[in-house]
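# Predicted structure and sequence below. I'll ask about it afterward.
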Amino acid sequence: MAACYFAAMAYDYDELYRSQNDALGAPTQAFVDFFATLDQQELRVLDIGCGQGRDALFIGRAGHSVVGVDISPNGVSDLISAARDESLPVTGIVADIRTFTPKGMFDILLIDRTLHMLTEVDRLDVLRRLIQHVKSGGWTLIADERSNLAGFKAVFLEQEVHWTTKVEKRGFLFLRRDQPLVKSSSRDRLPICASVMLVSSQKTFQSSCSPSSPPAAIANCSTRPKNAKFAP
């Protein structure tokens, strides 16, 4: 399986990682900038196509736990070794992302210039599967070919949950999974007009409407001055 995957690539990254340390250079600056803005600590991050850890390691140094996934044994080995040397909360998994299913949920899914290496069908299937493992309020951060971004956005639009696009420019697509709306229970609801506070520009007082008064009755309450408004 791995041999077929590498054969489909224009470059053998496993051989590159075997022969060179830090082969892909510094972390992607857009991701560095994003993590610098976060005020949350100890987030769980899934780094797809992690290679030797150019993104995973700086994220681990920032105090977040990272699971890096790559089909290259040499890349993942280098990642694990570097994380161990610095005692970072970073682990690595050798896997083909076309069939890989993460365990658990993550605060952030990061895919740095990896999906374009797959066929269109495969990369969209991979994205559909992975975003199911992003928590409500979590993020998906993608760097890829600009021509692929429209297809990625279409995947998010077909989901039952809503994703909000925060960044879409120069080959970057950052989206946030919306928090579900919290429906109040009957215990949390106030009586319709048990003690409605009416506010006017001159005074505040309690309405004499009964708890069972319908909205129309509340609106016509005899104690309500013409210019009174309901308090927000």
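Right, received. Where do you want to start?

# Determine the longest helix present in the protein.
helix 73-85 (DSSP state H).

# and the helix or strand that comes right after that one, what does it pack onto?
Moving toward the C-terminus from helix 73-85, the next helix or strand (DSSP states H and E) is strand 90-94. Here strand 90-94 touches helix 56-61, strand 65-70, helix 73-85, going by 3 or more CB pairs under 8 Å, 6 or more residues apart in numbering; DSSP states H and E. (C-beta placed from N, C-alpha, C; glycine too.)

# who touches strand 90-94?
50, 53, 56-57, 59-60, 65-73, 76-77, 79-80, 83, 100 (CB atoms under 8 Å, 6 or more residues apart in numbering).

# Could you list the buried residues of it?
Val90, Thr91, Gly92, Ile93, Val94 (16 or more other CB atoms under 10 Å).

# can you check stretch 172-181 too?
In stretch 172-181, counting by 16+ other CB under 10 Å, buried: Phe172, Leu173, Phe174, Leu175, Arg176, Arg177.

# on that earlier part again, which other residues reach the longest helix of the chain?
Contacting residues not belonging to helix 73-85 are listed as 13-15, 17-18, 21, 50-53, 56-57, 60, 68, 70, 88-94 [CB under 8 Å, 6+ apart].

# got the angle between that helix and strand 90-94?
Angle, helix 73-85 to strand 90-94, by axes from the mean of the first three to the mean of the last three CA atoms, to 10 degrees: 160 degrees.

# Check which helices and strands the helix or strand containing Phe152 sits against.
Per DSSP H and E: Phe152 is located in helix 149-157. Judged by 3+ CB pairs under 8 Å, 6+ apart, the packing partners of helix 149-157 are helix 120-130, strand 134-143, strand 163-169, strand 172-177.
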